[in-house]
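Q: need a 3D model of the following:
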Amino acid sequence: MVTYPTAAGDITGGFRRFDIWLGLAWLDLKLRYRRTLVGPFWLPLSSVVTIAVMGFIYGKLFKMNLAEYFPYLACGLALWSLISAFIADAHSVFVQSAHIAHQTPLPYSLYVLRRVANGFIQFAHTSVSFWAVAICFRVPFGVHTLMVLPALAMLACFGFWITLGLGTVCLRFRDLAQIIIVGTQLLFLATPIFWKIDLLADQRWLATCNPCFHLLEICRAPLLGQPTPWESWLAVLVINVIGCLLAFAVFARCRSRLAYWM
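A: Below is the predicted model of the structure:
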């Protein structure tokens, strides 16, 4: 029987078993859309409807150029689906994996990586709507677009530590799950997704103090063919470093008791 006596060994072991967590993530997707006609393409279809409705309504309300607003909105909604999935679903990562954890001596971090991989698989389907809108409105892709690759890597890092940290805490305090779900909904309204930061005028700090804005911006700017503000990159680096340290500290302290809390 393989054991992982330390938190660092658990995380290292989880990354090494990529064949398992990738396979489980793919299985989650297949089970979710089993016996459906359209399957995972329900995600881009629902996104297209949302973009069409919100684009026309909010584009008119904010008096924006629709050729610029539709790609902005489509990109924001696709990226938010990934970020919000990491935050809102983190509380259940260990609860839903309890039946496996009690029978198989796998590293706990493997279940976190499974959830992160699942989020990116769903994002790959959701982002189809953005690419369709981008092609339709001729978004000027260029060299800046390549910056989306390291930006997505930073989002993966964020997804790992937020899922690890919140998953551990929420396993012990189950009531926190409802607070996180409500908080995620409030973050959606407070993050420049369907509105632009320029609308805040001299109150831009209300958006720049929101960590989700910077997580969104490092990916959205290159996907729209724009340079990424260095402030957002710096903010995300600080967020990930501090988040990783806090999540590791919580996980290391509570890891020996996770099996009893499941």
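Q: hey, let's count contacts and neighbours off CA atoms from now on
A: Will do.
Q: what's the per-residue pLDDT of the residue nearest in space to the middle of the chain here?
A: The chain has I83 as the residue nearest its centroid, 2.6 Å off, counting by C-alpha atoms, centre = their mean. Reading off the confidence values, I83 has pLDDT 93.
Q: how far is stretch 231-242 from where the chain is centred?
A: Its chain's C-alpha centre and that of stretch 231-242 lie 16 Å apart, by C-alpha atoms, centre = their mean, to the nearest Å.
Q: repeat that for stretch 79-86.
A: Worked out by C-alpha atoms, centre = their mean, stretch 79-86 lies 3 Å from the chain centre.
Q: try stretch 116-123
A: On C-alpha atoms, centre = their mean, the centre of stretch 116-123 falls 8 Å from the chain's centre.
Q: again, but for stretch 14-30
A: Worked out by C-alpha atoms, centre = their mean, stretch 14-30 lies 17 Å from the chain centre.
Q: the residue nearest to the centre of the chain is in what secondary structure piece?
A: Counting by DSSP states H and E, the element that carries I83 is helix 66-88.
Q: what's in contact with the helix or strand that that helix is followed by?
A: Per DSSP H and E, the first helix or strand lying C-terminal to helix 66-88 is helix 98-101. Helix 98-101 is contacted from outside by 108, 259, 262, using C-alpha atoms under 8 Å, 6 or more residues apart in numbering.
Q: turn these into CSV, including neighbour count.
A: Putting the contacts of helix 98-101 into CSV (neighbours: other C-alpha atoms under 10 Å) gives the following:
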residue, neighbour count
Y108, 24
A259, 14
M262, 15
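Q: these in strands, which ones?
A: Among the contacts of helix 98-101, no member falls in strands (criterion: DSSP state E).
Q: please enumerate the helices of this structure.
A: Ranges of helices in the chain, per DSSP state H, are 7-16, 18-32, 42-61, 66-88, 98-101, 108-126, 128-136, 148-172, 176-190, 205-208, 211-223, 230-254, 258-261.
Q: dump the ones you listed to a markdown table, plus distance to L199.
A: Listed next are the helices of the chain as a markdown table, based on distance: least, C-alpha to C-alpha, whole Å:
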| stretch | distance to L199 |
| --- | --- |
| helix 7-16 | 43 |
| helix 18-32 | 38 |
| helix 42-61 | 12 |
| helix 66-88 | 13 |
| helix 98-101 | 46 |
| helix 108-126 | 27 |
| helix 128-136 | 23 |
| helix 148-172 | 25 |
| helix 176-190 | 13 |
| helix 205-208 | 11 |
| helix 211-223 | 14 |
| helix 230-254 | 19 |
| helix 258-261 | 46 |
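Q: to G142, which of those lies closest?
A: helix 211-223 (8.4 Å; C-alpha to C-alpha).
Q: what's that closest one packed up against?
A: helix 66-88, helix 148-172, helix 230-254 (3 or more C-alpha pairs under 8 Å, 6 or more residues apart in numbering; DSSP states H and E).
Q: go through the second one and flag the buried ones.
A: When neighbours are counted by 16 or more other C-alpha atoms under 10 Å, the buried residues of helix 148-172 are found to be 148, 151-152, 154-172.
Q: send over the helix holding I83 as CSV, restricted to the C-alpha atoms.
A: C-alpha atoms of helix 66-88 as CSV (Å, rounded to 0.1, in the frame of the first residue of the first chain):
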residue,chain,number,x,y,z
LEU,A,66,-21.4,46.1,-30.6
ALA,A,67,-18.5,45.0,-32.8
GLU,A,68,-16.2,45.5,-29.8
TYR,A,69,-18.6,44.6,-27.0
PHE,A,70,-19.7,41.2,-28.3
PRO,A,71,-16.1,39.7,-28.3
TYR,A,72,-15.4,41.4,-24.9
LEU,A,73,-18.5,39.9,-23.4
ALA,A,74,-18.0,36.4,-25.0
CYS,A,75,-14.4,36.3,-23.7
GLY,A,76,-15.4,37.5,-20.2
LEU,A,77,-18.2,35.0,-19.8
ALA,A,78,-16.0,32.0,-21.0
LEU,A,79,-13.2,32.9,-18.7
TRP,A,80,-15.6,33.6,-15.8
SER,A,81,-17.1,30.1,-16.2
LEU,A,82,-13.6,28.7,-15.5
ILE,A,83,-12.8,31.0,-12.6
SER,A,84,-16.2,30.7,-10.9
ALA,A,85,-16.0,26.9,-11.3
PHE,A,86,-12.8,26.8,-9.3
ILE,A,87,-14.2,29.0,-6.5
ALA,A,88,-17.8,27.7,-6.3
